[in-house]
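[1] Structure here, sequence nowhere to be found:
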């Protein structure tokens, strides 16, 4: 299990660069080097879709940010693109590139130029959740927070949702590797727990990167994980890596005692792993 991953100085530099680029009234010409993708219209669309309040920046300033790696997605564009949806209210500065691929440009298919998003209400407890369409799938854009009678807990329910054992997440249903899984589990009506194959569909679409997941609207909330408390623990469960890592169950078991999950630590790429079903991870549901 990967533990705490600190942001590098490059992350701080990227955020500072975005701030000054947005506030500059006299942008400098872009560097001659660096990796670029698409024509002028694509780059303008790229900035409008991903730079938030910097949507009116000049093309040269936009390219400075691209070459610095502060923004990463090139979307399918028209000559004068205007996104039909506003960025979500919890948008933050773009994540810096991970150390494994510092200059990667992630290109989404043309169908993803603007993600469809909205909210729905879980009829069981009247909690309202955000959802987002990513490719052909519709995902919850928040971690599930439904309180089960057993097998779930939380360190900060309002911020990170709840953590579930695999049995609690599945509501004792059998494993499924199908796409879609066909396993409702702990999810609300008309939603289901994604199989390992459904997670693979998502990560393939977003390039397998935390940046791709972030920009797609998945909004990975790093709720950490829980494990059974030791003999000297003050609670039934110990919480680990809260705020540093996010781990989400799939509906697919690896063997009788372990199941597949996905995790993100810091700005590292999305990883596929398996671990003990008795651990407590977050849950994201997919629309039926």
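    Cool, got the structure. Please read these numbers as outputs of a predicted model, since none were measured by experiment.

[2] where does the stretch 101-250 of the chain have low pLDDT?
    101-115, 229-236 (pLDDT under 70).

[3] for it, what spans make up the strands?
    Under the criterion DSSP state E, counting those that start in this stretch, strands of the stretch 101-250 of the chain are mapped to 106-107, 117-122, 127-134, 137-140, 152-153, 163-164, 191-192, 225-228, 237-240, 245-253.

[4] quick one: the nearest residue in space to residue 198 that is not next to it in sequence from residue 194, how far?
    In space, and not counting its chain neighbours, residue 198 is closest to residue 179: 5.3 Å by Cβ to Cβ, 6 or more residues apart in numbering. For glycine as for every other residue, the C-beta is placed from the backbone atoms N, C-alpha and C. When distances are taken as Cβ to Cβ, to the nearest Å, residue 179 and residue 194 turn out to be 9 Å apart.

[5] who's more crowded, the two?
    Set residue 179 next to residue 194 and count neighbours by other Cβ atoms under 10 Å: residue 194 wins out with 31 against 16.

[6] wait, residue 228 sits on residue 240?
    No - between residue 228 and residue 240 there is no contact under Cβ atoms under 8 Å: 11.6 Å.

[7] of those two, who's got more company?
    residue 240 (18 against 13).

[8] May I have the beta-bridge partners of that one?
    residue 225 (DSSP bridges).

[9] now the residue nearest to residue 198: how far from residue 255?
    Taking Cβ to Cβ, one finds residue 179 at 21 Å from residue 255.

[10] Go ahead and confirm residue 160 touches residue 144.
    No - Residue 160 lies out of contact with residue 144 (Cβ under 8 Å); the separation is 10.5 Å.

[11] which one of these two has more residues nearby?
    For residue 160 versus residue 144, neighbours defined as other Cβ under 10 Å are more numerous around residue 144 (26 against 21).

[12] Give the closest residue to the more buried one in space, chain neighbours not counted.
    Leaving aside its chain neighbours, residue 144 sits nearest to residue 283 (4.2 Å; criterion: Cβ to Cβ, 6+ apart).

[13] residues in contact with that neighbour?
    Contacts of residue 283 were listed using Cβ atoms under 8 Å, 6 or more residues apart in numbering, and they are 143, 144, 161, 162, 164, 169, 185, 186, 187, 193, 248, 249.

[14] ranking those residues by neighbours, who comes first?
    residue 169 (32 neighbours).

[15] That one against residue 193, yeah?
    Yes - the pair residue 169 and residue 193 passes the contact test of Cβ under 8 Å, sitting 6.0 Å apart.

[16] which neighbours do these two share?
    Residues within reach of residue 169 and of residue 193 at once, by Cβ under 8 Å, 6+ apart, are 185, 186, 249, 251, 283.

[17] quick one: residue 182 and residue 193 touch, right?
    No - counting by Cβ under 8 Å, residue 182 does not reach residue 193; the two are 9.6 Å apart.

[18] so what's the residue lying closest to residue 130 once chain neighbours are set aside up against?
    Leaving out its chain neighbours, the residue that sits closest to residue 130 by Cβ to Cβ, 6+ apart is residue 141, at 4.0 Å. Residue 141 makes contacts with 88, 117, 129, 130, 131, 132, 217, 218, 219, as judged by Cβ under 8 Å, 6+ apart.
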